[in-house]
Structure formats: C-alpha cells, structure tokens
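**Q** sequence and predicted structure below; questions after.
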Amino acid sequence: MTTTAAPAPATAPFRFFDVHVVRSRRLSPSMVRITFGGERLAELASGGRDQRFKLFLPQPHQDRPVFDDTGDGWYPAWRAQDPAERAVMRSYTIREQRPEPGEFDVDFALHGAESAAAAGGPASRWAVRARPGDRLTVLAPVVEDNGGVDFRPPAGTDWILITGDETALPAIAGILSWLSPGTRAKVWIEVAHEDDRQQLPTFADADITWIVRDAAAAAHHEPVLDALRAAELPEGTPYAWIAGEAGTVKAVRRHLVSHGGIDRRAVKFTGYWRRGATAVYYKHHRAHKNGYYIVCRLVIES
C-alpha cells in the first residue's frame, strides 16, 4: 500500500540557527556531505522526505554571515543590504537529522567545483573548501509538518514515479527512506559519473534506474526523458515527483501529462538549477509572526 501524506499546512514556522561545520566527507566525484552542529539544534524538526531549508553563506572576506535583522523583517532587510556584504542564500535538503548530539547532514552537488581550484557556484565552491569550525546560518523548520516538504502523495495513489539528477539525489534518498513497505516506485536518477551512484535504502518496492550522462552531449540530450519515453509504466493511479535541471524538469512534466496520461495535479515538479545560469535570486516572500514561511519563485539569470 502506498504511503500518503497530508497536504502542506498553511503556515510553516521556521527559525534561524547559527551552525558550524563538524565534518566533511566526499561521497563521490560530484557530491560532498557536510555535517553541521550548533546550539539549539534539538529544536530543529525535519519533516523528512525532501525537506528544504534556507542556507546562508558568508561572503569570502567574512568568517560568518552578516545580518541586519533576523526577526520578522529579515527578508526585506536582507534584500536591502549591500550585495558585497549580504549573506548568499540558497535552498538545500536536510539529508539526515540526529537530535542527539544535535547534528544534521547536507549533501552538496558540486556543479563544476569538484576541486578547490575549479569553478562552480558560490555554494559549491564553499562546500568543496569547507573545514571543521566554518560558520554559517540556516533558516530551518521547528515543526515536522511544514511547508518545506513537497513530497505529498494523496490518498488513492497506487504507485510513485520519481526522476531527478544529482542535485535531487538527497531528496530522492529521503523520499525512498520514508516510503512504507509495499509501495511501488519507479525511479530514474541521472548522474555525471558512474561513481556517483549511492546505496538508497528503502522499504518500498522500488525499481531504481541509474543513468550516467554523456558530458559531451549534455547540452543537447535529455537521457531521463528518453528513458521515460521507452519505459513501460505500471497500471493504476500514479503520483510523480520531478526535480533537477529546470529545462529537463519542464520537459519531463510535459511528457507525463501529455503522453503519459498523468493528471497534472498529481505531478510535483521543481527546478533546482538551470543549465548555463550564473546568478540566482528570489522573488515573493511571506512571513508569519510565529515563524517564517518563505514563498519564493526561483528566477535565474545567465
């Protein structure tokens, strides 16, 4: 029987936590796992699955992120700061939380920053250089049932369809570990290297297909979409979760709705990044007095 989840609540209290790097471990050529610790982390309440949170990085000349306001007005205050001083904000997935001893793990896809001398975005560059004691700030949930969890299959779902690339791998791992025994799941994961494959423990009846992309053809080829076109999907009512490169996500969603016969309301899709983009910012925000619930539209500039 497929596990179902309640709809997202109208509000999702979030709180700022000052954290530091406890340890860093290279998982594969494209992924590094960083463990964070800090005071009051027992109050952090991950909802599991694809639980997202906001991570704030210091500027290169700073030893910690600088905020003018961490109260209800933090977002307009953050936007008003000098961009050279303002903390770099990104969204990430909580891979695993351990209330005792007050730690949580985040897996970073390195996106071209595989070595300390390589390129990549600011978060990737920070992650590949991270050392114990490095400090940053996170805005994370303090209630388990929160709006930062998107994977919510409704009642009546017969099977699960999941696709993503390495940026979605932490969320996919969390989803698979959450699914109940007997849940049918079809999963396609695109990675850059053969060694990027991971063990993904699950009680579900999961058929996982790993796709190693051809770097030379990456800009003109959509291997996940090709795999779906060739796939024989199960009978019954599906729920689809799609994440990764924005163009691929859009194409996969269009295929599933137009050619796969899946109700568009049963497809949750998120673009985590866009090929060729160099800058990211966010529009739209809503804050609540009892915490923070961020409603953002991802906007990417080349």
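**A** Thanks, I have it. Numbers count the residues shown, from 1 in each chain.

**Q** and the next helix or strand past the lengthiest helix in the chain?
**A** Identified as the longest helix of the chain according to DSSP state H is helix 246-258. Sequence-wise, the next helix or strand downstream of helix 246-258 (DSSP states H and E) is strand 267-273.

**Q** what angle do that following strand and helix 246-258 make?
**A** 170 degrees (axes from the mean of the first three to the mean of the last three Cα atoms, to 10 degrees).

**Q** what's strand 267-273 packed up against?
**A** strand 238-245, helix 246-258 (3 or more Cβ pairs under 8 Å, 6 or more residues apart in numbering; DSSP states H and E). (Glycine included, C-beta is placed from N, CA and C.)

**Q** run the angle between that strand and strand 238-245 for me.
**A** Computed with the same axes, to 10 degrees, the direction of strand 267-273 lies at 10 degrees from that of strand 238-245.

**Q** from the rest of the structure, what touches strand 267-273?
**A** Identification of contacts with strand 267-273 by Cβ atoms under 8 Å, 6 or more residues apart in numbering yields 111, 150-152, 167-168, 239-247, 249-250, 252-253, 256-257, 298, 300.

**Q** restricted to buried residues, select these in PyMOL.
**A** This is the PyMOL syntax for the buried subset of the contacts of strand 267-273, where burial follows 16 or more other Cβ atoms under 10 Å:
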select buried, resi 111+150+151+152+167+168+239+240+241+242+243+244+245+246+249+252+253+256+257+298
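
**Q** and the chain, split by domain according to the record?
**A** With domains defined by automatic domain parsing, the chain comprises 14-146, 159-273.

**Q** show the end-to-end separation of the longest one, please.
**A** Spelled out, that is domain 14-146. Using Cα to Cα, to the nearest Å, the gap from the first to the last residue of domain 14-146 comes to 9 Å.

**Q** same check on the last one?
**A** Chord length of domain 159-273, first to last residue, is 27 Å (Cα to Cα).

**Q** now swap in stretch 83-99 and tell me
**A** Distance across stretch 83-99, first residue to last, is 34 Å (Cα to Cα).
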